[in-house]
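> Compute the structure for the input listed below.
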Amino acid sequence: MATIRNLNHNGARYARLQLYLIHGIKRANEEHHRLLESCRERDVAAACKLLREHIEPARQSLKQVLHEWRESTEQAEGNNRRAR
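Next comes the predicted model:
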């Protein structure tokens, strides 16, 4: 259970970071409402499609942000080593 809680906590942290960095809170809320409506209508196919359409762009943008952050961190560390 501790592992699951940890993964859930970290996943939520990255999701919030992704939304903050791309200013996507309004879009995410709209997508969540459409997803909820599909669930209420018991339209499984539509809900699955919406969920994929919701998650994939978030995954891509978060991956890009983390990649850029990693590169800048590595570059800063390299600059620090050279400055010593």
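> Does the residue most central in space within the chain belong to a helix, a strand or coil?
Taking CA atoms, centre = their mean as the criterion, Ala15 is the residue nearest the geometric centre of the chain, at 3.7 Å. Here Ala15 takes the helix state, with states given by DSSP: H, G, I helix; E, B strand; the rest coil.
> I'd say it and Ala58 touch.
Yes - using CB atoms under 8 Å, Ala15 is in contact with Ala58, at 7.1 Å. Where you see a C-beta, it was placed from the backbone N, CA and C, and this is true even at glycine.
> top helix in this structure by residue count?
helix 44-83 (DSSP state H).
> Can you name every helix or strand that that helix contacts?
Packing contacts for helix 44-83, counted by 3 or more CB pairs under 8 Å, 6 or more residues apart in numbering; DSSP states H and E, involve helix 2-21, helix 25-40.
> rank these by mean pLDDT and give me the bottom one.
Ranked by mean pLDDT, these bottom out at helix 2-21, with a mean of 75.
> Please list the outside residues in contact with that one.
24-25, 28, 58, 61-62, 65-66 (CB atoms under 8 Å, 6 or more residues apart in numbering).
> so how far is that helix from its chain's centroid?
8 Å (CA atoms, centre = their mean, to the nearest Å).
> relative to helix 44-83, how tilted is that helix?
On the basis of axes from the mean of the first three to the mean of the last three CA atoms, to 10 degrees, helix 2-21 is oriented at 80 degrees to helix 44-83.
> number of nearby residues for Leu19?
By other CB atoms under 10 Å, the residues close to Leu19 number 18.
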